[in-house]
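Engineer: show me how the following folds:
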Amino acid sequence: MARLAPTSLSVALGRPGVGQVATPLLRLAPSLPATAQVLTDRSCSPARVLLATSAVWAGARRTRSLAHRAAADSAAEGPKPKVVFVIGGPGSGKGTQCEFIREMGFTHLSAGELLREERQREGSELGAEIEAAMTSGKAVPSEVIAKLLEQAMRERGAWSQSASFVVDGYPRSEEQLRGWQTTLSSLCARLPTEDAGKVKLLCCLYLEVEKEEMRRRLLSRAENSTRVDDNEEVIEKRLSGFQADTEPLLKFFEDEGQLCTVDGSRAPQEVFADVQSQLAEAPQEA
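Structural biologist: This is a model prediction of the structure:
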């Protein structure tokens, strides 16, 4: 019987044609995916072999695609900004300590100031949302506050250069903490996911001051203040509200190993000496 000339399929499969010596595909088997081991079986039909070959090439393309995507993400990934939260009751000295920390090279952000500025910004969608909430007596949505903070950080080069931020009086509640985590983990998914994904939270500084001392400070300040919330009745509500809202936060950060408690009842410079020590001991790696 005359021998058939080799077809393109037989050549592709490594089968010998006229005058050719067989080259077993078994040599290639260790480097092929499991789905392609059928190529080493001489009893397989050409159709089955073609399907297996297609699977090999598809798998290779997926692998290359994932590798290229990972490399691109790695190249695009910038340094994560470092953040310090400073929380404490009204009159605990948060603003003063944040100013001291600012002199260490941190950028000082105040959630309250950002809210007021955005509310007054003409044509701002977030400002309109803030205005509507405040006018109706409702709390500003936690996601709005988190977006304002993220926006302020971005405007100050947070992800284009190594930056550090100290955030004054934030978060004030579990709801605000959830807003921070949700917003900062979803806006830039290519960045690592720990610490809300986009930032490295160094620690949460808690300025611990007895309620009576905070009341004394606030009443003293009220004597020379024009703020409508600097009166005894409102002060009492603020102090009670802070205690109720903050307790779960303190537990959360303590469980995470990120709570740094400082005695805030002393002179500002003495308090800051402890703050410096706490920041120096906080893990810096992003």
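Engineer: where do the strands of this structure begin and end?
Structural biologist: With DSSP state E as the criterion, the chain has strands at 82-88, 107-110, 164-168, 200-208, 259-263.
Engineer: right, and those strands - which one's nearest Gly95?
Structural biologist: Minimum separation from Gly95 across those (C-beta to C-beta) falls at strand 164-168, 6.2 Å. (C-beta placed from N, C-alpha, C; glycine too.)
Engineer: just the buried residues of that closest one, please?
Structural biologist: Ser164, Phe165, Val166, Val167, Asp168 (16 or more other C-beta atoms under 10 Å).
Engineer: same check, this time on stretch 117-137
Structural biologist: In stretch 117-137, the ones that count as buried by 16+ other C-beta under 10 Å are Glu118, Arg119, Leu126, Gly127, Glu129, Ile130, Ala133.
Engineer: what about the nearest residue to Arg238 once chain neighbours are set aside, neighbour count?
Structural biologist: The shortest distance from Arg238 to any non-neighbouring residue, by C-beta to C-beta, 6 or more residues apart in numbering, is to Pro90 (4.9 Å). By the measure other C-beta atoms under 10 Å, the count of residues near Pro90 is 20.
Engineer: make sure Pro90 is actually in contact with Leu218.
Structural biologist: Yes: the pair Pro90 / Leu218 is scored as a contact, 5.9 Å apart, by C-beta atoms under 8 Å.
Engineer: give me the common contacts of these two.
Structural biologist: Applying C-beta atoms under 8 Å, 6 or more residues apart in numbering, one finds that Pro90 and Leu218 are jointly contacted by Ile235, Arg238.
Engineer: where does this structure have low pLDDT?
Structural biologist: 1-78, 185-197, 225-230, 285-286 (pLDDT under 70).
Engineer: sorry, back to before: can you redo the strands of the chain as CSV with distance to Leu148?
Structural biologist: As requested, the strands of the chain are exported to CSV (distance: least, C-beta to C-beta, whole Å):
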stretch, distance to Leu148
strand 82-88, 14
strand 107-110, 9
strand 164-168, 11
strand 200-208, 18
strand 259-263, 24
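Engineer: which of the ones you listed sits closest to Val234?
Structural biologist: strand 82-88 (17.9 Å).
Engineer: what does that closest one contact?
Structural biologist: 94, 97-98, 101, 106, 163-172, 199-209, 246, 249, 264, 279, 282, 284, 286.
Engineer: restricted to buried residues, select these in ChimeraX.
Structural biologist: Only the buried entries of those go into this ChimeraX selection, using 16+ other C-beta under 10 Å:
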select :94,97,98,101,106,163,164,165,166,167,168,169,170,171,172,199,200,201,202,203,204,205,206,207,209,246,249,264,279
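Engineer: domain ranges for the protein?
Structural biologist: 35-76, 79-281 (automatic domain parsing).
Engineer: distance of Ala139 relative to Gln176?
Structural biologist: 9 Å (C-beta to C-beta, to the nearest Å).
Engineer: test my guess that Glu118 contacts Ile145.
Structural biologist: No: using C-beta under 8 Å, Glu118 is not in contact with Ile145; the gap is 9.7 Å.
Engineer: spit out the contact partners of the spatially closest residue to Ile145 that is not a sequence neighbour.
Structural biologist: Spatial nearest neighbour of Ile145, chain neighbours left out: Ala111 (5.5 Å); criterion: C-beta to C-beta, 6+ apart. Contact analysis of Ala111 by C-beta under 8 Å, 6+ apart lists Ile145, Leu148, Leu149, Val167, Asp168, Gly169, Tyr170.
Engineer: what's the burial count for Phe100?
Structural biologist: Neighbours of Phe100 (other C-beta under 10 Å): 19.
Engineer: against Gly93, how distant is it?
Structural biologist: 10 Å.
Engineer: who touches both of these two?
Structural biologist: Contacts common to Phe100 and Gly93, judged by C-beta under 8 Å, 6+ apart, are Pro268.
Engineer: any idea which of the domains of the chain is most buried?
Structural biologist: Across these, the average number of neighbours (mean count of other C-beta atoms under 10 Å) peaks for domain 79-281, which reaches a mean of 17.
Engineer: what is the end-to-end distance of it?
Structural biologist: 21 Å (C-alpha to C-alpha, to the nearest Å).
Engineer: sorry, back to before: next, give phi and psi for the residue nearest to Arg238.
Structural biologist: Note on Pro90: backbone dihedrals following degrees, to the nearest 10 are phi -60, psi 130.
Engineer: next one: Trp159
Structural biologist: The phi/psi pair for Trp159 (degrees, to the nearest 10) is phi -110, psi 10.
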